[in-house]
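In: what follows is a predicted protein model with its sequence.
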Amino acid sequence: MKFIYQDLLNFLAKKPPKELLSEKLFQLGHEHEINGDIFEMELTPNRGDCLSLNGLARDLNIFFGKAEPVKIYNGDIELHHLNFKNLSPYVCPKISFLEIEIDGNPNPYKPYLENYFSLLGTNKTNFFTDISNYISYELGQPTHCFDANTINHQLIFENKDCDQSFKTLLGSEIKLKGHNAIFSVNKEIISLAGVMGGMSTSCSTKTRKALVECAFFLPESIIGKNVKYNLNSDAAHKFERGVDIQAQEKVLRRFIEIVRDHSSIKHIKIKSFDERQFKKDTIPIDLEKINKILGTDLEEKEYLRYLSKLDFRTENEIIVPSHRHDVKTQNDLAEEIARIIGYDNIKSKPLKILKKVDKSFINIHRIKNYLIDNGFSEVINFPFTKNKEKKSISIDNPLDSNRNQLRTSLKDSLLQNLLYNERRQKDSIKLFEISDVYFNNNKINQESRLGVITSGKRGNNYLDFSKKLDESYLNNILNQDFDNPFFIIEEISRANLKTKKRDKIFYTEILIDKMPENLFKEFDRSYGQINFIKYQKVSEFPSSTRDFSFSIKDSKKYDAVINYLSDLNDENLKDSFIFDFYENKKLDEIKVGIRFIFQSNSNTLSDEEIQQSVNKLLKPIIDLDGVSIPGL
Amino acid sequence: MSNKDNIEPPLIKNEVGSLHPINQVNDFLLNVLADLGFQKVDGPEIESEEFNFDMLNIKKSHPARQMHDTFYVNNKSGVLRTHTSPVQIRSMLESKPPFAFTSAGKVYRKDDDATHLPMFHQVEGIYIDENVTFSNLKDLIHQILHNLFGKDVEVRFRPSYFPFTEPSAEVDILSDTGKWLEILGCGIVNPIVLENCNINSEKYSGLAFGLGVERIAMLKYGVNDIRDFYKSNLDFLGQFK
């Protein structure tokens, strides 16, 4: 909901500056953004009563007072003998109709009406509909205007099962399905009640006689219709949240007043249908309970004053105003009081929970610590897949057909993670995931699983660089404490994978519950300590590698070379490691191979840029006597 | 120091992996809450509508229950839990106050765009005892936020709406840029929820709160795109060692 700052001021006795108004709206729980003179509100779903200027002013009354109420037509109105039948009074317990005919063309809009359209960017439609939209903005009650000349037979309201098309007043054709609250004439649906009227009975710029409908519809009968029929109806938004069940006639009298402001009226007729006697909600006065909920020491006089400012009346008990559907209990009243006091003005009181909590380690932390110490990285995957297994659980309303099942194994997800990293030029990949998976087994079964996947080089160092992550590696890592392997390791074939890589892929998956209790016990260590590093954005540009082999013939220079290589610095250098080390004692020569990995965050590095970085990095070494790079 | 007769091979750095940053933040929060007296409880990710909605005073007509917001499974025989609150409901049904529980884990909403994911993580807490007040809730939230953002963090409480708490609040912190950032939701447990769990709401009251783990992680690490957490990119994950 949007409103114009000046428009709200017209409803307030005091005229607060924007900043103060904004502060108080936040205090009351009405989140918003301000763009110039426009406040864009994001109201909580329980506060449908605040979706109007009048509603917000009611809530702000305690701070700024209320201005004189808007003018409504107070004259006598002829009774309308409308041929109307309400077949679903439970869904629509209150409804009023106003027939209004104007004489000739309406005058240009007065500033309050004109500004509503020009400043809020709302489209004008026709005289009656424009007033209907403005009244909804001002008072929060949607109305619908039929061209009265199109309603020639009995008008019926009902909430019924539908299976037919309906053309909205905006011209879109929607297929009504399931239960819908509708108005019909001669079996033709002319309005999707509380949501949008139909094309065949809508007003136009030529309309001079309108039948204005103003009702209370049960929110449950409207909820979801906007989404279901892909509509964006402000009326539905308001009815979903609940309008004032007693406002209909007052709103129609305001309608007349605005018409009178712009045109001379030929005739007006009104008829209200009250299907249910409205009984106001009441709540016992219990200040002790309010103070107990909030932790405050509020006095009764102040308590009752706050409530009266919010239109609650107090006699022997508290009478809830008809626009506050959301207030039913002492806790609801406590929230009202807290909003008025201001949540930030309620003092904190120390809370001590005396129970000691058992923070003892569980298997999951041990195995995680163990795998991380061995170079594995943890991943988290979404559980959705398109692969349907016999025991798969299906999602009734998936995001799309590729995500319509829940995975029954972690394998496919981890394989996709591995292939993703291979495409990003990673040549040593060790990943694991711990997650629950679900099955249909007459009932829904849940299992906590650990999946581990590896492929590529064992490590980026001179001892492991030429070795592969293979079955024996995983066996050594995972099964060393078992006489018979607990982790069953399988090779995943690359035959059906779209990849040119040849490194073998190995995988294992186990049930966490089956893990022996003492496994990796020595990896108990405190958890939950964290060093919040500042994350560096990952480059989306390709990396390039360059390998160099140093021949060190003067052993005195060896330490200098190694120290330098362990502390390299260049803006394009992403990583480096010594992949080869060999000492030839006979020739008194040491060979050191280093791999540089270059990558930029801003572009794909050219050969020239890489060469410049290489030259800069190598220069301090090759300048050393007794150190050379054969072939360079 | 090497010499001609004794060349020391280059040191090999132990190549350690990394715990996923979301789980690091999750564990951090659980650790903070454990120190405050909250016992961790677990529960299933596939829930009944009764535990995910009804017991929490989320009415049948509530928009969150619609097919466009919640994932339903196996011909509507269950839902992917939309919050970890049903775990607390299960624990409350099996316990007598006073108690303090925390539940953490994956939750699901039918969203998928640049700022919303169909799966994310929550850490929630509930404390039920005699005479638990909104003032106590404020104290607890301050303690949690001081652990997360330091003792000088400026905190703002705003009224909000959750069916399972009344009064309800959203809590913001003031960022370095001077903007208020929403950080968690909380409130006094709605007596209807207590009664649903067979707890005498005349005698007992409670407080509850919930934090989005991804949101905290994004703020603390400076990650701007929530989707980065789930690409399983080693260049990304490797930063959180």
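Out: Received it, and whenever you're ready, just let me know what you need.

In: quickly list what residue A:86 is bridged to.
Out: For residue A:86, the beta-bridge partners under DSSP bridges are residue A:157.

In: ok, it - how many residues close by?
Out: 18 (other Cβ atoms under 10 Å in any protein chain shown). All C-beta atoms are positioned from the backbone trio N, CA, C, and that covers glycine.

In: roughly how far does it sit from residue A:272?
Out: Taking Cβ to Cβ, to the nearest Å as the measure, residue A:86 falls 12 Å from residue A:272.

In: and residue A:139, by the same measure?
Out: In terms of Cβ to Cβ, residue A:139 sits 17 Å off from residue A:272.

In: those two: which is more packed in?
Out: Taking neighbours as other Cβ under 10 Å, residue A:139 and residue A:272 compare with residue A:139 leading, 23 against 15.

In: next one, pLDDT for that one please.
Out: Note on residue A:139: pLDDT of 98.

In: ok, so what distance separates it from chain B?
Out: Counting by Cβ to the nearest Cβ, to the nearest Å, the gap between residue A:139 and chain B amounts to 22 Å.

In: next one: phi and psi at residue 109?
Out: Chain wasn't specified; assuming chain A. Residue A:109 has phi and psi values of phi -70, psi 140 when expressed as degrees, to the nearest 10.

In: now residue A:65
Out: Per degrees, to the nearest 10, the backbone of residue A:65 is at phi 70, psi 170.

In: wait, isn't it in contact with residue A:14?
Out: Yes. Counting by Cβ atoms under 8 Å, residue A:65 does reach residue A:14; the two are 5.7 Å apart.

In: which residues touch the residue in the stretch 201-350 of chain A that chain B sits nearest to?
Out: Nearest residue of the stretch 201-350 of chain A to chain B: residue A:295, at 2.9 Å (Cβ to the nearest Cβ). Listed by Cβ atoms under 8 Å, 6 or more residues apart in numbering or on different chains, the contact set of residue A:295 reads A:346-347, A:349, B:133-136.

In: dump stretch A:448-461 to PDB, restricted to CA.
Out: C-alpha atoms of stretch A:448-461 as PDB (Å, rounded to 0.1, in the frame of the first residue of the first chain):
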ATOM      1  CA  SER A 448      21.100 -39.700   8.100                       C
ATOM      2  CA  ARG A 449      23.900 -40.300   5.600                       C
ATOM      3  CA  LEU A 450      27.500 -39.500   5.000                       C
ATOM      4  CA  GLY A 451      28.700 -39.400   1.400                       C
ATOM      5  CA  VAL A 452      32.400 -39.000   0.400                       C
ATOM      6  CA  ILE A 453      33.700 -38.400  -3.200                       C
ATOM      7  CA  THR A 454      37.200 -38.000  -4.500                       C
ATOM      8  CA  SER A 455      39.000 -37.600  -7.800                       C
ATOM      9  CA  GLY A 456      42.300 -36.200  -9.100                       C
ATOM     10  CA  LYS A 457      45.600 -35.700  -7.600                       C
ATOM     11  CA  ARG A 458      46.200 -36.600  -4.000                       C
ATOM     12  CA  GLY A 459      47.600 -33.300  -3.100                       C
ATOM     13  CA  ASN A 460      49.300 -30.200  -4.300                       C
ATOM     14  CA  ASN A 461      52.700 -30.900  -2.900                       C
END
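
In: picking up where we left off before, which residues do residue A:86 and residue A:272 both contact?
Out: Common contacts of residue A:86 and residue A:272 (Cβ under 8 Å, 6+ apart): residue A:95.
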